[in-house]
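**Q** Show me how the following folds:
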Amino acid sequence: LMPSNVLQRTISVTSIKNCYHISCLKSNLLCVSDGFTLTLTNPATGKTLHRLDSLSISPSISGIHTVNSACELIYISKKRKIKKLCNKRKTVTTLIKRTRNSMTPSCVYCSPISDNLLVGMVGFNKIEFDRTGKVMRYDNTLILIQTIKDETEPCTWYKCPAFITENNNGDVVVSDSLKNLPNRGELIVTSREGNHRFTYRGPLPESGLFLPQGICTDVLSHILVYDGSTHTVQMIDRDGRFLSYLLASNSLGGSLSYNMSTHELLVGSWNSKIVNVFRYIDRHTSFNG
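**A** Numbering: from 1, shown residues only. Predicted coordinates:
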């Protein structure tokens, strides 16, 4: 880790109003959405290369897109179908359709390790009369191979998965801002096998103030989360121990993405079209796992 983070550059993304979610396709291609429009952008110029309009899904502030190993964009459409835009940006394919009685997809993430597709789902528990969630894992042929949820108490782990990612050690990390409204959410981390590892409620859990929003992990297996109550990016280790406030922001909310190629952290603002690019890890270090 560097002594402090350094702002490398600022990207102004055209054709959107807010940066609700960010996905890095590669060093010269960035995907940003504002809930209504999803745009592929050249980060060097901010120029729009491709855009998808009229997404308008609710809740719009969630991780509705991701990228697979073939640099194809996977996203949740307006009708809650999971679709794929091919890397030549000419063909859109429906991967998963929502059935009438199924839960609603709320966020997606494609694992760079296994190429599995992780889908956060939201439903309604009629017994508890409350929202409940789960995470479904599909292999690269779109066969369902795992369902991650609390088998003993259905509403314990997830209420509404908003953002989802995977750590280098295979842990699945989910940001759930609705877990304990009005002023506290949770970061729920499970192992690759689907066992609960820990729940992070902020550096001062006794205060009750923690609204996890955008999340990502870095090459050192740190978990980074934007906290909407303190407007800070917090760094915790792979076991859930708070390490530091990585940076403070004036934004009302934030989206995060880590570029494994350049070892840069991208931070999007929910109240502007600006993406700030930071470095806090020495890119000259040799990473061997």
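**Q** can we go C-alpha only for contacts and neighbour counts from here?
**A** Will do.
**Q** Need the residues that contact whichever strand or helix holds Leu7.
**A** Leu7 belongs to strand 6-12 when elements are defined using DSSP states H and E. Strand 6-12 has contacts (C-alpha atoms under 8 Å, 6 or more residues apart in numbering) with 43-46, 273-280.
**Q** and which of these is nearest Glu193?
**A** Nearest to Glu193, judged by C-alpha to C-alpha, of those is Tyr280 at 31.0 Å.
**Q** what sits against the closest one?
**A** Per C-alpha under 8 Å, 6+ apart, neighbours of Tyr280: 1-6, 264-265.
**Q** Name only those of the residues you listed that count as buried.
**A** Using 16 or more other C-alpha atoms under 10 Å as the burial test, the contacts of Tyr280 include 264-265 as buried.
**Q** Just the strands from the stretch 101-250 of the chain, written as ranges.
**A** For the stretch 101-250 of the chain, the strands defined by DSSP state E, counting those that start in this stretch occupy 104-110, 117-125, 130-138, 144-148, 163-166, 172-180, 184-190, 196-200, 212-217, 223-227, 232-236, 242-248.
**Q** Strand partners (parallel or antiparallel) of the third one?
**A** Meaning strand 130-138. The strands beside strand 130-138 in its sheet (DSSP bridges) come out as strand 117-125 (antiparallel), strand 144-148 (antiparallel).
**Q** Reformat those strands as CSV; add mean pLDDT, distance to Ser111 and mean neighbour count.
**A** Below are the strands paired with strand 130-138 laid out as CSV (pLDDT from 0 to 100; distance: least, C-alpha to C-alpha, whole Å; neighbours: other C-alpha atoms under 10 Å):
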stretch, mean pLDDT, distance to Ser111, mean neighbour count
strand 117-125, 88, 6, 21
strand 144-148, 94, 14, 15
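**Q** Can I get the ones you listed in CSV including distance to Asn195?
**A** Shown next, in CSV, are these (distance: least, C-alpha to C-alpha, whole Å):
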stretch, distance to Asn195
strand 117-125, 15
strand 144-148, 8
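**Q** between those strands, which one is nearest to Gln234?
**A** Shortest distance between Gln234 and the strands paired with strand 130-138, using C-alpha to C-alpha, is found for strand 117-125: 22.4 Å.
**Q** Among the contacts of strand 6-12, which lie within strands?
**A** With strands taken from DSSP state E, the overlap with the contacts of strand 6-12 comprises 274-279.
**Q** Point out where this structure drops to low pLDDT.
**A** Applying pLDDT under 70 to the chain picks out residues 25-27, 54-60, 100-101, 125-129, 153-155, 179-183, 283-289.
**Q** Spatially central, which residue of it would that be?
**A** Nearest to the mean C-alpha position of the chain, by C-alpha atoms, centre = their mean, lies Phe163 at 3.8 Å.
**Q** Mind checking which of the ones in strands among the contacts of strand 6-12 are buried?
**A** 274-279.
**Q** Farthest-apart pair in those, please.
**A** Across those, the longest distance by C-alpha to C-alpha is 16.6 Å; it joins Ile274 and Arg279.
**Q** In space, what's closest to Pro105 - neighbours in sequence excluded?
**A** Met121 (4.4 Å; C-alpha to C-alpha, 6 or more residues apart in numbering).
**Q** Excluding chain neighbours, what is closest to Asp237?
**A** In this structure, Asp237 finds its nearest non-sequential neighbour in His222, 4.7 Å apart by C-alpha to C-alpha, 6+ apart.
**Q** Isn't the one you found up against Arg241?
**A** No. Using C-alpha atoms under 8 Å, His222 makes no contact with Arg241, being 9.9 Å away.
**Q** Show me which of the two is the more surrounded one.
**A** His222 (21 against 15; other C-alpha atoms under 10 Å).
**Q** any idea how far that one is from Arg238?
**A** Going from His222 to Arg238 by C-alpha to C-alpha, to the nearest Å gives 6 Å.
**Q** what's the overlap in contacts for the two?
**A** Common contact partners of His222 and Arg238 (C-alpha under 8 Å, 6+ apart): Asn167.
**Q** got the contact list for Gly240?
**A** 198-200.
**Q** Closest one to Ile82 out of the ones in strands among the contacts of strand 6-12, please.
**A** Using C-alpha to C-alpha, Val275 is the member of the ones in strands among the contacts of strand 6-12 that lies nearest Ile82, at 25.6 Å.
**Q** In space, what's closest to the closest one - neighbours in sequence excluded?
**A** That would be Gly268: by C-alpha to C-alpha, 6+ apart, it lies 4.4 Å from Val275.
**Q** do Ser244 as well
**A** Leaving aside its sequence neighbours, Ser244 sits nearest to Met235 (C-alpha to C-alpha, 6+ apart; 5.4 Å).
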